[in-house]
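1. one predicted model, sequence on top.
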Amino acid sequence: MNELILKDDLMTRYQEVIVRRDTLKRDAAQTQYEYIHRFGDLIEEAFRLQIECISLKKSISYCLKMQNQGLGIDPAEMKKHVDAAMKPYHERLKQLLDTLGDKGKIVSLQEQQKVKAIYRRIARKIHPDVNPALFEHKDVQELWARVTKAYHVSDLKSLEEAEVLLSELLKKYDGEITLVLVPNIEEKIAEVEAECKQILTTEPYTLRFLLEDEEDCEETKNSYKEQIEGLKIYREELTAQLHEFVGDLKREGE
């Protein structure tokens, strides 16, 4: 009997840490959305300026290389060389813009609490790690996909509807499905707890502490603005350096 009680306690603990892990992931995503809402325009401007400066530096580097080798500077070849070198940076810019464009939905604290409560109730019943036997059914898989999507975007209405659908599914499979023993459950609990710790101590979750402090937010905003102004000055300096090569090139062709 004691062994059965212990196993039941472990399963309960496993359910709890899984739900906690998923909740922390969702909170981290929500924090990222809030950070983007607040600083997204500044982040984008700074990154675009960084890319411009890198492109100018690579152009200058190409010109210096040609000059040191006693070769002329072919504008078409220089552009081809720089474009190829800048491809990874433009891909990173695209990824950044995709992230900045996904601003998510900012919801009230009361609504967040409702969303989390419903998700916990559903997850303890049909989460694939908690109840894999029940998850073998296609209609359960479809419902879980709906639940996770709604949870990620804080769609309270969809979660409320999913919980109604869940009651029907549980009624449908009641008596047929029971929780199964999870092999190495203590190791799996430790793994999920480690995931929780990782989320709690890294961005974007830790950004919530910054967002809760207006003074820190103002400092962050000013820091981005200073970075942008510095990059603009650097861009002008690099443009002037490149113009020396381009000017020489134009005079050679005159």
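-> Alright, I've got the coordinates. Residues are numbered from 1 along each chain as shown.

2. wait, residue 165 touches residue 143, no?
-> Yes: with contact defined as Cβ atoms under 8 Å, residue 165 counts as touching residue 143 (5.7 Å). For every residue, glycine as well, the C-beta is placed using N, CA and C.

3. quick one: which of the two has more around it?
-> Using other Cβ atoms under 10 Å as the criterion, residue 165 and residue 143 rank with residue 143 on top: 20 against 15.

4. tell me the pLDDT of the more buried one.
-> Residue 143 carries a pLDDT value of 93.

5. distance of it relative to residue 228?
-> 47 Å (Cβ to Cβ, to the nearest Å).

6. one more: residue 236?
-> Taking Cβ to Cβ, one finds residue 236 at 13 Å from residue 228.

7. give me the number of residues near residue 53?
-> Residue 53 has 17 neighbouring residues, counting by other Cβ under 10 Å.

8. which is the next helix or strand following the helix or strand where it lies?
-> Assigned by DSSP states H and E, residue 53 belongs to helix 2-68. Using DSSP H and E, the next helix or strand after helix 2-68 towards the C-terminus is helix 75-101.

9. helices or strands up against that following helix?
-> For helix 75-101, the elements it packs on are helix 2-68, judged by 3 or more Cβ pairs under 8 Å, 6 or more residues apart in numbering; DSSP states H and E.

10. the helix it packs on - contacts with which helices or strands?
-> If you count contacts as 3+ Cβ pairs under 8 Å, 6+ apart, helix 2-68 packs onto helix 75-101, helix 109-126, helix 138-152, helix 185-200, helix 207-211, helix 214-253.

11. what residues of the fifth one count as buried?
-> Using 16 or more other Cβ atoms under 10 Å as the test for burial, helix 207-211 gives 207-208, 210-211.

12. just the fourth one next, same as before
-> If you call a residue buried by 16+ other Cβ under 10 Å, then helix 185-200 has these buried ones: 188-189, 192, 195-196, 199.

13. next: stretch 36-45.
-> The neighbour-count check on stretch 36-45 (16+ other Cβ under 10 Å) flags 36, 38-40, 42-45 as buried.

14. any idea how far residue 146 is from the residue minimising distance to the centre of the chain?
-> With distances taken as Cα atoms, centre = their mean, residue 29 lies nearest the centre of the chain, 6.6 Å away. From residue 29 across to residue 146, the span is 17 Å (Cβ to Cβ).

15. with residue 120 instead?
-> Taking Cβ to Cβ as the measure, residue 120 and residue 146 are separated by 16 Å.

16. before we move on, what about residue 216?
-> Taking Cβ to Cβ, one finds residue 216 at 37 Å from residue 146.

17. likewise residue 100?
-> Going from residue 100 to residue 146 by Cβ to Cβ gives 27 Å.

18. could you do residue 203 as well?
-> Using Cβ to Cβ, residue 203 is found at 29 Å from residue 146.

19. out of the two, which sits in the busier spot?
-> Between residue 203 and residue 146, counted using other Cβ under 10 Å, residue 146 has the larger neighbour count: 17 against 13.

20. that one reaches residue 162, doesn't it?
-> Yes: the criterion here is Cβ under 8 Å, and residue 146 meets it with residue 162 at 5.5 Å.
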